[in-house]
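with the input below, show me the fold.
(2 chains)
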Amino acid sequence: MAENAGGHGRLPAHFSAPGSASFTDFLGVAAPDLLPSRRRDLPAGIVDAPHGTTIVAVTHADGVVMAGDRRATMGNVIAQRDIEKVFPADEYSCVGIAGTAGLAIEMVRLFQVELEHYEKLEGAVLSLEGKANRLSTMIRGNLGMAMQGLAVVPLFAGYDLDMGAGRIFSYDVTGGRYEEHSFHSVGSGSVFARSALKKQFRDDVDEAQAVRLAVDALYDAADDDSATGGPDLTRRIFPIVMTVTADGLRKLTDDEVGAVVDAVVAERMTNPGG
Amino acid sequence: MSTPFYMSPEQIMKDKSDYARKGIARGRSVLALQYADGILFVGENPSNALHKISEIYDRIAFAAVGKYNEFETLRLAGVRYADLRGYQYDRRDVTGRGLANAYAQSLGAIFTESSKPYEVELVVAEVGSTPADDQMYRLTYDGSVADEHGFVVMGGNSDPIASYVRERHDATAPLAQALQLAVAALVQPVADGTEARTIAGTDLEAAVLDRTRPRRAFKRLLDAPLEKLLEAKK
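Numbers count the residues shown, from 1 in each chain, chains lettered A, B, ... in the order given. Model (predicted):
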């Protein structure tokens, strides 16, 4: 086993090497084959893999809300109808993924360990920008795969404890990091979701209104984009919604989201355009 | 060149053990004990930046006495070991037993191979879903492991503290009662007959592995909540 490779069963020297508090750096020494960015020299060609679609984030007076639909597509097929694409990154931030689902989920897993690892080793939490920059590096590491059509484009949002506000960061496939104000959306349905948010967002929205805006925006995305899943009322499969405030991160329960979805759907019965 | 004189292996090991024991005995004690909702750690530590008690993984914590740089190295290795294993397999595959074994191997190798042994004593504790599933391992400088139940005392003056706790410990006691017992135990007079002392709340380092917490069971008890627990009526 890799971690017991040292002489006489002793943990190898890199386990006790001082210095880096980054789990990714450590992984590069201890088990480099597990690093997503080490995969290179793949033959050219198209790989058919499930893709995740639309994620929206909306800031509000006390923090930020992130929501994602539940559909993964592979070509014209719905690969999964209840995939989860919004994840807690740590206690004060969350990350939503669009793009190749398999690679994105692996990236999120590594990102979660990275943040917690730093927190445990240093006894301090990374700044929100620090977290956003770590994610940037990981996306850049995936550039080779992106050039083969397997791009990962996350959306990162969290509560900045120093500034006392919710913040949103978007990325491009090269790892470019951009701070977004008020709201943002990524994925195939993002154009429609963003237009919906642009018309409805006000500076003074509270948390409940932000949740409503996010669910409304996902509904509009699903209305016009075939790769975005609308709320599935027969199976009661609803968007994943997370909220981050000064009290930390909270995932809304199915009942809470269900109530918002029912309200949105009821309104659309009389006014389909929203 | 002078002829190197012969030393028996027994003598070498004994000298190393004595050296390590002396180093450990100089430090203040740390106590780990079971209470109703998990495992409580209490130690006397005036610094609130240099910890003796730390989180390793979701349900696993680590407490140490002895030389700071040495147990800090072990803590670092433990966090890396746990995070690597959890990433490689699954979070549930990281166990206190696995970590205790890794530490035992490392400490044993250091004790036999290097001229200076580590002057440390550790507790690796894992909180389970029920009190019966809780695990506590005590590791000493030479790599020996002991599976402990109820409570563990480490560091200087551990005998009077252990006998004080043994008489009064109740694994089903609430947190406040367990904490008050631990603090009362830590101020037990040392063997040479010095009077009992008192410890200020600010000189206490305390943390729990609370089985009722969702994922990360480890939580430090700081400032106001700690004072409140110390003053709670029995």
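
surely A:T137 is in contact with A:G175?
Yes. A:T137 is within contact range of A:G175, at 6.6 Å (criterion: CB atoms under 8 Å). For glycine as for every other residue, the C-beta is placed from the backbone atoms N, C-alpha and C.

which residues sit against stretch A:185-205?
Stretch A:185-205 has contacts (CB atoms under 8 Å, 6 or more residues apart in numbering or on different chains) with A:51-58, A:60-61, A:69, A:96, A:98-99, A:153-155, A:170, A:182-184, A:213, A:216-218, A:220-225, A:227-228, A:274.

bridging residues for the nearest residue to A:E116 once chain neighbours are set aside?
When the adjacent residues along the chain are set aside, A:E116 lies closest to A:D90, with 6.4 Å between them (CB to CB, 6 or more residues apart in numbering or on different chains). Bridge pairing for A:D90 (DSSP bridges) gives the partners A:S93.

neighbour count winner among A:T137 and A:G175?
Using other CB atoms under 10 Å in any protein chain shown as the criterion, A:T137 and A:G175 rank with A:G175 on top: 17 against 14.

measure B:A82 to B:Y103 for me?
Separation of B:A82 from B:Y103 (CB to CB, to the nearest Å) stands at 11 Å.

residues contacting residue 170?
Since you didn't name a chain, this refers to chain A. So, once contact is read as CB under 8 Å, 6+ apart, A:S170 ends up touching A:L155, A:F156, A:R177, A:Y178, A:E180, A:H184, A:V186.

if you could check chain B rather than the one you did, that'd help
Shown in contact with B:D170 (CB under 8 Å, 6+ apart): B:Q177, B:A178.

list buried residues within the contacts of stretch A:185-205.
Buried residues within these, counting neighbours by 16 or more other CB atoms under 10 Å in any protein chain shown: A:51-58, A:60, A:69, A:96, A:98-99, A:153-155, A:170, A:182-184, A:213, A:216-218, A:220-223, A:225, A:227-228.

which members of those residues occur in helices, if any?
Among those, DSSP state H puts A:L213, A:D216, A:A217, A:L218, A:D220, A:A221, A:A222, A:D223 in helices.

chain B: which of those residues is nearest?
Proximity of those to chain B (CB to the nearest CB) peaks at A:L218, which lies at 26.8 Å.

the closest residue in space to A:R140 that isn't next to it in sequence and chain B: what is the separation?
Residue nearest to A:R140 in three dimensions, not counting chain neighbours: A:G175, with 3.1 Å by CB to CB, 6+ apart. According to CB to the nearest CB, to the nearest Å, A:G175 and chain B sit 21 Å apart.

residue contacts, A:G175?
A:S136, A:T137, A:M138, A:I139, A:R140, A:G141, A:L143 are the contacts of A:G175 under CB under 8 Å, 6+ apart.

kindly provide the distance from the first one to chain B.
As defined by CB to the nearest CB, A:S136 lies at a distance of 20 Å from chain B.

for that residue, grab phi and psi.
Note on A:S136: its backbone torsions stand at phi -50, psi -50 [degrees, to the nearest 10].

so it sits against A:R177, correct?
Yes. Contact status for A:S136 versus A:R177: in contact at 4.5 Å, counting by CB under 8 Å.

so what sits against both of these two?
A:Y171.

re the thing from before, how about TSV for the ones in helices among the buried ones among the contacts of stretch A:185-205, with pLDDT and distance to B:K14 added?
Listed next are those as TSV, based on pLDDT from 0 to 100; distance: CB to CB, whole Å:
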residue	pLDDT	distance to B:K14
A:L213	97	73
A:D216	96	76
A:A217	97	73
A:L218	97	71
A:D220	96	78
A:A221	97	74
A:A222	96	75
A:D223	95	80
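
before we move on, back to that, can you tell me which of the contacts of A:S170 end up in strands?
Members of those lying in strands (criterion: DSSP state E): A:L155, A:F156, A:R177, A:Y178, A:E180, A:H184, A:V186.

the last one: neighbour count?
Neighbour count for A:V186, taken as other CB under 10 Å: 26.

okay, now the unreliable bits of chain B?
B:1, B:190-196, B:234 (pLDDT under 70).

related to what we said a few turns ago, ok, and the most crowded of the contacts of A:G175?
Taking other CB under 10 Å as the neighbour criterion, A:I139 ranks highest of the contacts of A:G175 with 25 neighbours.

if I look at A:N76, how far off is A:D48?
For A:N76, the distance to A:D48 (CB to CB) stands at 11 Å.

so for the two, which sits in the more crowded spot?
A direct count of neighbours by other CB under 10 Å for A:N76 and A:D48 places A:D48 higher, at 10 against 7.
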